[in-house]
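Participant: Quick check, what structure comes out for this input:
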Amino acid sequence: VPEVAQAQIGGELLMETERLTGAPCAAPAGLRALQTLSTRLFPDGATQLVVRPSTRKTTAHVPGGTILLSHTLVEDYETPDVVAGYALAENLRAEGGNSLGVLLEASPFRASLALLSTGRLREIDLQRMAEWLVVRAPVPVPQNAVIAEMVERGIATAPYGYALDISGETTATLVAATANETTPVLDDTDWIALQSICSE
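Facilitator: As a prediction, the model looks like this:
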């Protein structure tokens, strides 16, 4: 399926997920901070971040390069390093597999037939895919892969490690891997704004 068509399907899926999770959080100052975060993590501009007020506990992604973030990732933690880790991990999931293919595999075979014959997905198939996206458990990402992404960007890994496992026992590698020199993901003003992105 051409990338343009995949991006179109991703946009349609985003609209369908709104039925389940609510519209994207859009407080103006929070949106500016979210764009700053997106640029910090994905400077090539190929990945878009969206915060939803009621969604899965962590993250999901749709074809075309959009990552859905739970509001809890910006509201429940003291540092943006946590949401950065979750976003980078989700991007690795998106890069590691065929996003549309995974969605089709989780759908009835007639969804694939409809896509092959018409180039589009039926509304019922989009609805089912959106429901599956919201409820499915995330596929584990190797910790070393996330560490490489975070260290390359100068992001502290320990906060993300403790967010995954508050004891740090199963994420000891993440906790110990923080680079000697790190750069804040966001300044305090932007982080406060991002934490309030769902306030309007």
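Participant: Do a quick rundown of the strands in this protein.
Facilitator: Along the chain, counting by DSSP state E, strands occupy 48-52, 59-62, 66-70.
Participant: Turn those strands into JSON lines, including mean pLDDT.
Facilitator: Below are these laid out as JSON lines (pLDDT from 0 to 100):
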{"stretch": "strand 48-52", "mean pLDDT": "94"}
{"stretch": "strand 59-62", "mean pLDDT": "88"}
{"stretch": "strand 66-70", "mean pLDDT": "92"}
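Participant: Buried deepest among those strands, which one?
Facilitator: strand 59-62 (a mean of 25; mean count of other Cβ atoms under 10 Å). In this view, the C-beta of every residue, glycine as well, is placed from N, C-alpha and C.
Participant: Now do the top helix by length along the chain: distance to the chain's middle.
Facilitator: In the chain, taking DSSP state H as the definition, the longest helix is helix 3-21. Remark: helix 3-21 is offset 14 Å from the chain centroid, using Cα atoms, centre = their mean, to the nearest Å.
Participant: Same check on stretch 181-194?
Facilitator: Taking mean C-alpha positions (Cα atoms, centre = their mean), stretch 181-194 and its chain are 18 Å apart.
Participant: ditto for stretch 69-79
Facilitator: Worked out by Cα atoms, centre = their mean, stretch 69-79 lies 12 Å from the chain centre.
Participant: Okay, and the beta partners of the residue nearest the centre of the chain?
Facilitator: Geometric centre of the chain, nearest residue: residue 67, 3.3 Å, by Cα atoms, centre = their mean. Residue 67 has these beta-bridge partners by DSSP bridges: residue 49, residue 61.
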